[in-house]
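# Sequence and predicted structure are below.
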Amino acid sequence: MSEDTSPALPDRLSVDPNSPFYDAEVLQRNVGVRFKGQDKTNVEEYCVSEGWVRLAVGNSKDRHGNQLTMKLQGPVEPYYREG
């Protein structure tokens with residue numbers, strides 16, 4: 001796999017540019033997240049050490065125009081997708 005040549009993934013990562021955990025360089029490498037053994041495509045933020053993910057809830061927006069999310073607890077495995 002290409003994980004040997006890629007830099008290690010951060011413990012916490014967000015797709016929101018206003019977040020202190022946003023890292024554009026890492027996100028450009030096509031990061032995938034496996035939560036409780038299933039690949040998730042709607043992850044907005046994750047934290048491996050604390051064991052949680054924030055998932056987008058439909059197309060709903062809050063009053064500031066941000067995506068509504070829900071926080072779920074469980075094992076989180078980030079990885080680089082191939083291709």
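Yep, that arrived. Numbering: from 1, shown residues only.
# Measure how buried the closest residue in space to S49 that isn't next to it in sequence is and give me the count.
In space, and not counting its chain neighbours, S49 is closest to D11: 5.1 Å by CB to CB, 6 or more residues apart in numbering. Every C-beta, even on glycine, is put in place using the N, C-alpha and C of the backbone. Each residue near D11 was counted by other CB atoms under 10 Å, and the total is 13.
# next one: V31
Residues near V31, counting by other CB under 10 Å: 19.
# Going along the chain, name the strands of the protein.
Ranges of strands within the chain are 12-14, 31-35, 38-40, 43-47, 52-61, 67-73, 76-80, based on DSSP state E.
# Model confidence score at the residue nearest to S49, please.
Per-residue pLDDT puts D11 at 96.
# and what of V31?
V31 is given a pLDDT of 94.
# What of S60?
Value for S60, per-residue pLDDT: 89.
# residues contacting it?
Residues near S60 by CB atoms under 8 Å, 6 or more residues apart in numbering: 67-68.
# what's the distance between it and E82?
32 Å (CB to CB, to the nearest Å).
# likewise N30?
8 Å.
# Show the backbone phi and psi for the residue lying farthest from the centre of the chain.
The C-alpha centroid of the chain is most remote from R63, which lies 22.9 Å away (CA atoms, centre = their mean). Dihedral pair for R63: phi -70, psi -10, per degrees, to the nearest 10.
# Let me know the pLDDT of the residue lying closest to G74 once chain neighbours are set aside.
Nearest residue to G74 in three dimensions, chain neighbours excluded: K36, at 4.5 Å (CB to CB, 6+ apart). Per-residue confidence (pLDDT) for K36: 95.
# how deep is K36 tucked in, by neighbour count?
12.
# The residue nearest to S49: what's it in contact with?
47-49.
# Let's test this: what are the backbone torsions at it?
Torsion angles, degrees, to the nearest 10, at D11: phi -60, psi -30.
# winner for burial among the strands of the chain?
Burial of those is given as mean neighbour count (mean count of other CB atoms under 10 Å); strand 43-47 ranks first at a mean of 21.
# What angle do strand 76-80 and that one make with each other?
110 degrees (axes from the mean of the first three to the mean of the last three CA atoms, to 10 degrees).
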